[in-house]
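1. Pasting a predicted model and its sequence here:
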Amino acid sequence: MRVLGVDPGLTRCGLGVVDGLPGRRLAVVAVGVATSPPDADIDQRLLRIERSVEEWLEEHAPDTVAIERVFANHQVSTVMGTAQVAGLAMVAAARRRIPVALHTPSEVKAAVTGNGRADKAQVQTMVTRLLRLDERPRPADAADALALAICHLWRPAGAVGAPQRPPSSLTAAQRAWAAAEQAARRRA
C-alpha cells in the first residue's frame, strides 16, 4: 500500500510518501514540503500549495492520503490556514477517488514513538529509524508527513468513509497486489 502523508501548513506543508503493509518493512518513496510565501495573498498561497499537492498525487499515485486532523489551539490564524490546506488536500484526493484518513497528532506520535506526547525530535528520530534513513528528514514538517503515512499504514483507522475507488478502476498491478494482500490475511 502506498500512503501520501500530508502535514498541512500554509507556509510549509509537509508531504511524504511511504510504501508498506502492517507488520512489514516500510520504504520511503519521496519526502518534501510545499511552500508559500507569507507575504502573498491568501488565495495565491492556497493555490500554490494546492498545485504542489496535485503534483504529488499525480506523480506518486497513492492508495490513501493520510492528513493530520486539525485541532483548535490558541492561535486562530494558524488553525485557519492549517484547516484550509487540509481541506485542499482532501478535495484533491477526492477528485481522484482516493480514500482520505485523518489522524490526530497524538495518534501519530503514539504510532511512531509509542508515546502520544513525544516531541518533534523524538518523532524525527523514530521516522529516521523506521525508514532506515541516513539522516533526519528536515524540516520537521517533512518528518511529520512521513510519520502520518507510517501511522496510517500501522493504524488504518481514521478513514473518512469507505474506500472510494471501485475495483474496476484499479490497474492490473493494483488488483494483483490487493489479491495478494487478501490471500496473506486469510493465511494469517
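-> Arrived safely. Residues are numbered from 1 along each chain as shown.

2. quick one: the helices in the protein?
-> For the chain, the helices defined by DSSP state H cover 42-60, 76-95, 105-113, 120-130, 140-154, 172-187.

3. Least confident of the ones you listed, on average?
-> Per-stretch mean pLDDT for the helices of the chain is lowest at helix 172-187 (a mean of 56).

4. mind giving me JSON lines with the helices of the chain and columns for distance to Gly32 and mean neighbour count?
-> C-beta: built from backbone N, CA, C; applies to glycine. Rendered in JSON lines, the data for the helices of the chain read as follows (distance: least, CB to CB, whole Å; neighbours: other CB atoms under 10 Å):
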{"stretch": "helix 42-60", "distance to Gly32": "8", "mean neighbour count": "17"}
{"stretch": "helix 76-95", "distance to Gly32": "14", "mean neighbour count": "18"}
{"stretch": "helix 105-113", "distance to Gly32": "18", "mean neighbour count": "20"}
{"stretch": "helix 120-130", "distance to Gly32": "14", "mean neighbour count": "18"}
{"stretch": "helix 140-154", "distance to Gly32": "6", "mean neighbour count": "27"}
{"stretch": "helix 172-187", "distance to Gly32": "24", "mean neighbour count": "11"}
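
5. among these, which is nearest Pro22?
-> Closest approach to Pro22 among those (CB to CB): helix 140-154, 5.8 Å.

6. Could you name the helices and strands sitting against that closest one?
-> The helices and strands touching helix 140-154, judged by 3 or more CB pairs under 8 Å, 6 or more residues apart in numbering; DSSP states H and E, are strand 2-7, strand 12-19, strand 27-35, strand 64-68, strand 100-103, helix 105-113, helix 120-130.

7. which helices and strands sit right next to the second one?
-> Looking back up the chat, that one is strand 12-19. Looks like strand 12-19 contacts strand 2-7, strand 27-35, helix 42-60, helix 140-154 (3+ CB pairs under 8 Å, 6+ apart).

8. rewinding a little: please produce CSV containing the helices and strands packed on helix 140-154, extended by distance to Ala89.
-> Output for the helices and strands packed on helix 140-154, formatted as CSV (distance: least, CB to CB, whole Å):
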stretch, distance to Ala89
strand 2-7, 5
strand 12-19, 8
strand 27-35, 10
strand 64-68, 5
strand 100-103, 8
helix 105-113, 15
helix 120-130, 20
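
9. Can you check which of those gets nearest to Leu146?
-> strand 12-19 (3.7 Å).

10. export the closest one as PDB, just CAs?
-> Provided in PDB are the C-alpha atoms of strand 12-19 (Å, rounded to 0.1, in the frame of the first residue of the first chain):
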ATOM      1  CA  ARG A  12       5.200  24.800   4.900                       C
ATOM      2  CA  CYS A  13       3.000  21.800   4.000                       C
ATOM      3  CA  GLY A  14       4.900  18.500   4.700                       C
ATOM      4  CA  LEU A  15       4.500  15.800   2.100                       C
ATOM      5  CA  GLY A  16       5.800  12.200   2.500                       C
ATOM      6  CA  VAL A  17       5.100   9.000   0.500                       C
ATOM      7  CA  VAL A  18       5.600   5.600   2.200                       C
ATOM      8  CA  ASP A  19       5.100   2.100   0.800                       C
END
